[in-house]
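**Student:** Okay, predicted coordinates and the sequence, questions at the end:
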Amino acid sequence: MTATKSPISSPLGDSDQDITGKALQGTLLDMIDLHLVAKQAHWNVVGRFFRDVHLQLDELVSVARGFADDVAERASALGVSPDGRASTVAEASGVPRFEAGWRTDKEVIAAIVDALATVIRRLRGRIDETDKTDLVSQDLLIAIAQELEKSHWMWQAQLAES
């Protein structure tokens, strides 16, 4: 089966739609993978602070899932078909790999800090890319960055020595 031409007209010109669509698609993949990494960590965390980390991971899962939906719907509104298939996520996500198996709370925290830092760096690049193409999409990306940067700070704080 072949894809059909978009039945949704875009308020953007072709070039702006292409640039913005790629920024949104990349963000979608990162949000899907971030939620999967956080869920994998949620199921496999052990250690003294298990409960706190376990619950905080569920918060991150919810945030990332919500943002994935927001980004996909924004892409659709621009006439760009979002692709969140598992194979696409596996091929193109920039989220660091989270290995299988039990992980200590401290290992999980460090992995999540690294994952968030990577996603935020990639997201900030996309914010720059959409500065001239679509300020509405850029605003969405800024809102996502704001929330993920707050989360990143809260995860990092747990690694600080008191």
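**Tutor:** Sure thing, it's come through.
**Student:** which residue is nearest the centroid of the chain?
**Tutor:** By CA atoms, centre = their mean, the mean C-alpha position of the chain lies nearest to residue 31, the distance being 2.3 Å.
**Student:** if I pick the residue nearest to that one when sequence neighbours are not counted, what's in contact with it?
**Tutor:** Distances taken as CB to CB, 6 or more residues apart in numbering place residue 68 nearest to residue 31, at 3.8 Å, with adjacent residues excluded. Backbone N, C-alpha and C define where each C-beta goes, glycine included. Applying CB atoms under 8 Å, 6 or more residues apart in numbering to residue 68 gives the contacts 28, 31-32, 35, 84.
**Student:** still on that earlier bit, which secondary structure element is home to the residue nearest to the centre of the chain?
**Tutor:** Using DSSP states H and E, residue 31 sits within helix 14-44.
**Student:** Which of the residues in that helix are classified as buried?
**Tutor:** The neighbour-count check on helix 14-44 (16 or more other CB atoms under 10 Å) flags 16-17, 19-42, 44 as buried.
**Student:** any idea of the mean pLDDT in the helix or strand following it?
**Tutor:** Next along the chain after helix 14-44, taking DSSP H and E as the criterion, comes strand 45-46. Averaged across strand 45-46, pLDDT comes to 96.
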